[in-house]
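[1] Predicted coordinates and the sequence they were generated for:
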Amino acid sequence: MSPSWRDQVRVALCPDRVVFVRLAKGLRPRILEKLILPCPDSQSGPKRWTGAVEALADGVKRWSKHEADTTLILSNHFAQFELVPWHDRLLNDKEKLAYAHHCFQKVYGDAAAAWTLHLSHDKAGAPMVASAVDAGLLDAVARAFDGPGDGSGLRLRSIQPYLMSAFNQWRHRFKGKTAWFVLVERGKLCMSLFHLEQWRRLRSMNIGASWPEELPRLLERENYLEDLPASPVDAFVFAPDQAEAPLPAKSNWHFQRLHMAARPGFAPHTDCQFAIAMRA
C-alpha cells in the first residue's frame, strides 16, 4: 500500500499517558479511533521515560492491524530547548548543529552529550530553535515501532516536540505581531516570544496548579530581560487540557486563549486529553 494512501495515526508520548488518534486518509481526515494508555511508574533520573515507552509499545501492538503512517509528538517534559543565535560564519547544517551542541553544553554540561539535537529551519538571519532529546529515548521509541518490515502496521514517519507541533498549528496568529506564545500541558509551561516573525525568547519550566496566577509575573520577568522598543502585552495561551483554569482578568496583559475546533469524533471540552495528539 502506498504511504500516501495510508490512514494517519498521531501519538503523544507523555509522562503519565500515551495518546493515540487514528484518522482516515484524505484531504479532510475524520477521526476513526482514539485511545489513551496510562503509563506505569517510571524511574526518576535520565530514563524517566521508560514507563511511557512501555505503554507506547503496548499501544503499537494493539493497533498493529492498522496500516498507517505515524507522527509521534513528544511531551515537552522529554525535551530541552535553546534559542541558538544566527551566525553568518556557520556555512552548513553540520556546523550549525555543532554550534547548537556547544550552546547546550554551556547550559547543561556533560549531560548534553547524550542528547540528539534538531534545529528549526527559519529564514536566514533569524535565531534557530534547537530541541534536544535523550538519544536513548529515541532509540527506545524506534524499537517500539519495529515490525516485520513488510510495510504493515504502524510506520513511524516523524517525531516532533510538542512545542514545535503546537506552534506550527498557530503560527498564522503571530504574523505581524509582537506577542508571547504560552503552551501549557500537565506540569510544564513553555513561553516563546515572537517579534518581526522571529523567535526572540524561549523559556520552559515545571509548573503546578497555580500557574494562571503566576503567569503575569513570569511574563513580566521575561519582558524585562528582552530588549525591545516596546514591551509586548499580548499573550496567546494554548492550554487545551487546562480549559477549566481561568486566566488572570486583572493584569496589564491581554490574554487570548487558543481553542481547537470541534470535529467529528473530537469535542474540545470532553476530549481535551487527546488534544496534544491533534492538529488544530
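    On my side now, so go ahead. Numbers count the residues shown, from 1 in each chain.
[2] Which residue ranges of this structure form strands?
    Ranges of strands within the chain are 7-13, 17-23, 31-38, 68-74, 80-84, 115-119, 128-134, 154-161, 179-185, 188-195, 198-206, 234-238, 254-257, based on DSSP state E.
[3] Now do the buried residues in the shortest one.
    Taking 16 or more other C-beta atoms under 10 Å as the neighbour-count basis, strand 254-257 is seen to contain the buried residues F255. From N, CA and C alone the C-beta is placed, and that goes for glycine too.
[4] Against which helices or strands is it packed?
    Applying 3 or more C-beta pairs under 8 Å, 6 or more residues apart in numbering; DSSP states H and E, we find strand 254-257 packed against strand 234-238.
[5] list the helices and strands the strand it packs on packs on?
    Short answer (3+ C-beta pairs under 8 Å, 6+ apart): strand 234-238 packs on helix 162-170, strand 179-185, helix 211-225, strand 254-257.
[6] Out of those, flag the one nearest K123.
    For the helices and strands packed on strand 234-238, the distance to K123 is smallest for helix 162-170, at 15.3 Å, taking C-beta to C-beta.
[7] partners of A130 in the sheet?
    Beta bridges link A130 to E82, L119, judged by DSSP bridges.
[8] And for the closest residue to R173 other than its chain neighbours, the neighbour number?
    Spatial nearest neighbour of R173, excluding adjacent residues (C-beta to C-beta, 6 or more residues apart in numbering): F236 at 5.9 Å. By other C-beta atoms under 10 Å, the residues close to F236 number 20.
[9] where's F236 relative to M260, distance?
    As judged by C-beta to C-beta, to the nearest Å, F236 and M260 stand 13 Å apart.
[10] Repeat that for R155.
    To M260, R155 is 26 Å away according to C-beta to C-beta.
[11] more crowded one of those two?
    Using other C-beta under 10 Å as the criterion, R155 and M260 rank with M260 on top: 18 against 15.
[12] Please identify the buried residues of stretch 78-98?
    78-84, 90, 96-97.
[13] tell me the centre residue of this protein?
    Y162 (0.8 Å; C-alpha atoms, centre = their mean).
[14] sorry, back to before: quick check: the two most widely separated of the buried residues of stretch 78-98?
    F78 and L90 (27.2 Å).
[15] Where does confidence bottom out across the buried residues of stretch 78-98?
    Within the set of the buried residues of stretch 78-98, pLDDT is lowest for L90 (83).
[16] what's the distance between the closest residue to that one other than its chain neighbours and L23?
    Leaving aside its sequence neighbours, L90 sits nearest to K96 (C-beta to C-beta, 6+ apart; 4.8 Å). Going from K96 to L23 by C-beta to C-beta gives 34 Å.
[17] How about P38?
    23 Å.
[18] Can you pick out the residue with more neighbours from the two?
    Shown here are P38 and L23; by other C-beta under 10 Å, L23 has more neighbours (21 against 9).
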